[in-house]
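> need a structure here:
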Amino acid sequence: MTTVKAAQAGPQLQVAGSKKRSGVLLTGATWIISVLFVFPVVWMIWTSFHSETDAAANPPKVLSAFSVEGYRSFFGSNPWPPILNSLTASVISTILVLVLALPAAYALSIRPVKRWSDVLFFFLSTKFMPVVAALLPVYLFAEKVHFLDNIWLLVILYTAMNLPIAVWMLRSFLAEIPAEMLEAAQVDGAGLVRTLREIIAPVVMPGIASAALICFIFSWNELLFARVLTGTRAETAPVFLTGFVTSQGLFLAQVCAASFVVSLPVLAAGFAAQDKLVQGLSMGAVR
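Residues are numbered from 1 along each chain as shown. Prediction:
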């Protein structure tokens with residue numbers, strides 16, 4: 001009897017040992033990938049606290065004296081109007097995207113319209129064309145209607161650019177809502193607006209937070225349209241960053257300091273919504 005139990009325990013121990021080794025390898029690979037992603041950001045922040053001479057040294061002077069010269073130069077160049085322009089364009093366009101995408105996703109998932117798959121493909125097809133291909137027509141139209149160097153032009157463009165992404169994301173989240181919940185709302189006499197506001201929105205709030213954060217990041221980081229269609233009044237933060245690359249050269253410490261400060265709103269939004277972001281992405285990815 002003892003021999004039989006030992007024979008049965010042998011394969012089980014081998015399987016447990018194999019799973020343990022796999023877990024260790026997976027954990028190690030996760031740490032390596034995380035370090036590779038985080039290291040450039042950490043190096044940028046570290047470089048921003050050095051003088052221009054030490055920042056441009058080759059090989060880099062890791063233990064050189066700290067300096068706030070880059071931050072002093074950045075804040076001395078009055079960065080607040082571009083940052084406010086980026087906040088305005090990103091926040092307003094994200095709100096508009098959510099207001100338009102939620103009913104559209106509802107119509108494509110919970111109350112599907114005819115040929116809803118064709119509608120989804122149309123939304124996706126709008127992302128096929130390179131952005132630069134639409135740059136000249138948009139510029140000519142904006143010039144014709146005297147809309148150049150206007151922050152509201154960027155709001156409209158960012159809304160149109162992010163709407164297909166938000167519709168696709170929210171549709172996958174809405175598809176997870178049980179039909180019984182909606183039927184109960186109908187029995188209670190809830191209309192469409194009340195159902196969206198009081199029933200659907202609280203349930204898919206992690207998905208809404210995920211879509212909002214992604215749309216905000218895309219709007220905040222957009223450079224091409226902002227660089228061509230704006231001037232001095234509607235200049236955004238990414239365009240402002242390009243001003244640190246001058247004919248005199250690249251001021252590395254200033255660029256790193258400016259990049260870190262400009263990245264803070266996105267980092268703050270990501271940390272504030274990280275729980276809902278992970279939950280929302282997981283909910284929309286698993287059926």
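> got any ranges where the chain has weak pLDDT?
1-19, 111-112, 246-250, 275-287 (pLDDT under 70).
> middle-most residue in it, spatially?
In the chain, the centroid-proximal residue (CA atoms, centre = their mean) is Ile214; its distance is 3.0 Å.
> show me the contacts for the residue lying closest to it once chain neighbours are set aside.
Of all residues not flanking Ile214 in the chain, Ile165 sits nearest, at 6.6 Å (CB to CB, 6 or more residues apart in numbering). C-betas here are computed from N, CA, C, even on glycine. If you count contacts by CB atoms under 8 Å, 6 or more residues apart in numbering, Ile165 has them with 127, 211, 214-215, 218.
> over to Ala234?
Ala234 touches 85, 149-151, 153-154, 226, counting by CB under 8 Å, 6+ apart.
> what do you get for Pro60?
Counted by CB under 8 Å, 6+ apart, Pro60 has contacts Thr47.
> does it sit in a helix, a strand or a coil?
coil (DSSP: H, G, I helix; E, B strand; the rest coil).
> contacts only, for Leu241.
255, 258-259, 262.
> can you do 7 Å?
258-259, 262 (CB atoms under 7 Å, 6 or more residues apart in numbering).
> and the helices in the stretch 1-150 of the chain?
For the stretch 1-150 of the chain, the helices defined by DSSP state H, counting those that start in this stretch cover 2-48, 52-55, 69-76, 80-109, 116-125, 135-144.
> redo those helices as JSON lines? Include mean neighbour count.
Listed next are the helices of the stretch 1-150 of the chain as JSON lines, based on neighbours: other CB atoms under 10 Å:
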{"stretch": "helix 2-48", "mean neighbour count": "11"}
{"stretch": "helix 52-55", "mean neighbour count": "18"}
{"stretch": "helix 69-76", "mean neighbour count": "18"}
{"stretch": "helix 80-109", "mean neighbour count": "20"}
{"stretch": "helix 116-125", "mean neighbour count": "13"}
{"stretch": "helix 135-144", "mean neighbour count": "12"}
